[in-house]
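Q: Need a 3D model of the sequence below.
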Amino acid sequence: MSRARLSYQHFMRRLPSRSFRRPVAGSDRFVRHGGRFVLSSRSKIKYHLCCVFFRRDYKSMNRTTSLFLDLVRLLAALVVLLHHAAFHGTYIPGAFIRTGTDAVMVFFVLSGFVISYSAETKDKTGKDFTISRLARLLSVVIPAIFLTIVADIIGSRLSPELYARHFSDIATLNDMQWPPLTRSLLSLTFTNEIWWINVWPGTNSPFWSMGYEAAYYFIFGAATYLTGWQRYLVCGTAAAVIGPKIILLFPVWLIGVTTWQIYKRIEIPRLIGALLITGAGTTYVVFVLSGLRDYLNTRGPSLEEFGFSAFFLSDYIIGMLFSCALIGFKGIETDAKAILDKFAFPIRHIAGCSFSMYLYHYPLIYFFHALAISLHISSPESRSPFNAFVVMGGTLSSIWLLSLFTEQKKATARRLLEFLFASKRTKNLNA
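A: Predicted structure coming up:
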């Protein structure tokens, strides 16, 4: 019943207001008309709003929405790549230098949206949820750490000057105080951002968000699949372990969870959907160009102590704007269906590399820039078409090749994890 009118009984059941659901006697829901009670004017307004916006038999995510999410995930990963490539003589416009963390906030909202959907429809138990999340993360995280170590070792020998320039900003200097092995182990166990720790393996600074994502997965899983005192104990302990820095950006991730709960229930008229998307996009452009985002970023806590969480004020706004755009898409998904279906294969295929693009790109950019310098095609400070071709071409092609054996083998990683979980359960039963 996506557009069908609600029955009166169902309308009354789903109204949230207690004052509106009082007994008939003395209630303003009804007025006497012609010897019988009818809905009052205010009740009719609420009734029609429910008919327009809310669905009784909402279904799971459809193909059009799934394609749209894949496209957004791909574009967000590409923005992060271009953000970092702009520092390496590739003629990428300087505007991308200011968009890196904004794209990560889009990832956080998308993650909360998709994880909430998966928990309702696919992952029926805590075990299923754990295996799904570990398969998704480890299929790319482990190769990314190995790739970073190898690429940094070779690249630093090809162009020591380029890597020396990287190890000069405040965040990286703090990162360099930790031994390389410790940084890799912290990244592998997703504890690289707890409390005041802010480290990542080598040149792979995008790894900071993995410490956030894994913590959000854990807390959400505990809140969803545990009950009673266990839920509160595990969630409270996890919050105490990860510290305030990660918790500070948790609302952005929860915006995604809330967005899915709204998205699955609501019916948006086409005009309102278009207005939501246009309004969110226009507001974001004004938010950035007016300098308000930069102003809010200066009003947050210390960047040295809170790392990327220091920009939480502007991150909240960006998360809410993207949430509005997601909800707005519900209104135009019928119009977008033909276009998305036409390009479904390239969207699915390229989006299958988006996680790899996010975690592999920065050490590869450094490596291919160092290679271009060693071939006397470029220098650490100059820009040239040949350097842009080597850096961008080498990075993108390497990401695609690596994803074929890592991210796109996620099903294999899942089967391995299921086997390990089954083996562990069998040992416990035999003990």
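
Q: Show me the shaky parts of this protein.
A: 1-60, 89, 93-98, 100, 166-176, 303, 378-382, 423-431 (pLDDT under 70).

Q: Run through the neighbouring helices and strands of the longest helix along it.
A: In the chain, with assignment by DSSP state H, the single longest helix is helix 126-158. When contacts are defined as 3 or more C-beta pairs under 8 Å, 6 or more residues apart in numbering; DSSP states H and E, helix 126-158 packs onto helix 100-121, helix 160-166, helix 180-188, helix 208-225, helix 354-374, helix 394-405, helix 410-430. All C-beta atoms are positioned from the backbone trio N, CA, C, and that covers glycine.

Q: Give the buried residues for that helix.
A: Residues of helix 126-158 classed as buried: 128-141, 143-145, 147-149, 151-152, 155-156, 158 (neighbour count, 16 or more other C-beta atoms under 10 Å).

Q: ok so, going back, of the helices and strands packed on helix 126-158, which is nearest residue 289?
A: Taking C-beta to C-beta, helix 100-121 is the member of the helices and strands packed on helix 126-158 nearest to residue 289, at 13.1 Å.

Q: now that closest one and helix 208-225, what's the angle there?
A: Helix 100-121 runs at 20 degrees relative to helix 208-225, counting by axes from the mean of the first three to the mean of the last three C-alpha atoms, to 10 degrees.

Q: Spatially, what comes nearest to residue 119 if we skip its sequence neighbours?
A: Leaving out its chain neighbours, the residue that sits closest to residue 119 by C-beta to C-beta, 6 or more residues apart in numbering is residue 224, at 5.3 Å.

Q: Can you get me a residue count around that neighbour?
A: Neighbourhood size, residue 224 [other C-beta atoms under 10 Å]: 17.

Q: do residue 339 as well
A: Residue 339 has 11 neighbours, counted by other C-beta under 10 Å.

Q: show me the contacts for the spatially most central residue of the chain.
A: The residue lying closest to the centre of the chain (C-alpha atoms, centre = their mean) is residue 107, at 2.2 Å. Residues near residue 107 by C-beta atoms under 8 Å, 6 or more residues apart in numbering: 73, 76-77, 209, 358.

Q: same deal with residue 248?
A: The contact partners of residue 248, taken as C-beta under 8 Å, 6+ apart, are 306, 309, 312.

Q: wait, isn't residue 200 in contact with residue 209?
A: No. Residue 200 lies out of contact with residue 209 (C-beta atoms under 8 Å); the separation is 9.6 Å.

Q: Contact partners for residue 209?
A: 104, 107-108, 308.

Q: how far away is it from residue 343?
A: According to C-beta to C-beta, to the nearest Å, residue 209 and residue 343 sit 28 Å apart.

Q: Same check on residue 400?
A: From residue 400 across to residue 343, the span is 18 Å (C-beta to C-beta).

Q: between these two, who's got more neighbours?
A: Counted by other C-beta under 10 Å, residue 400 and residue 343 do not tie: residue 400 has more neighbours, with 17 against 12.

Q: so the more buried one touches residue 353, yeah?
A: Yes. In this structure residue 400 lies within contact range of residue 353 using C-beta under 8 Å: 5.7 Å.
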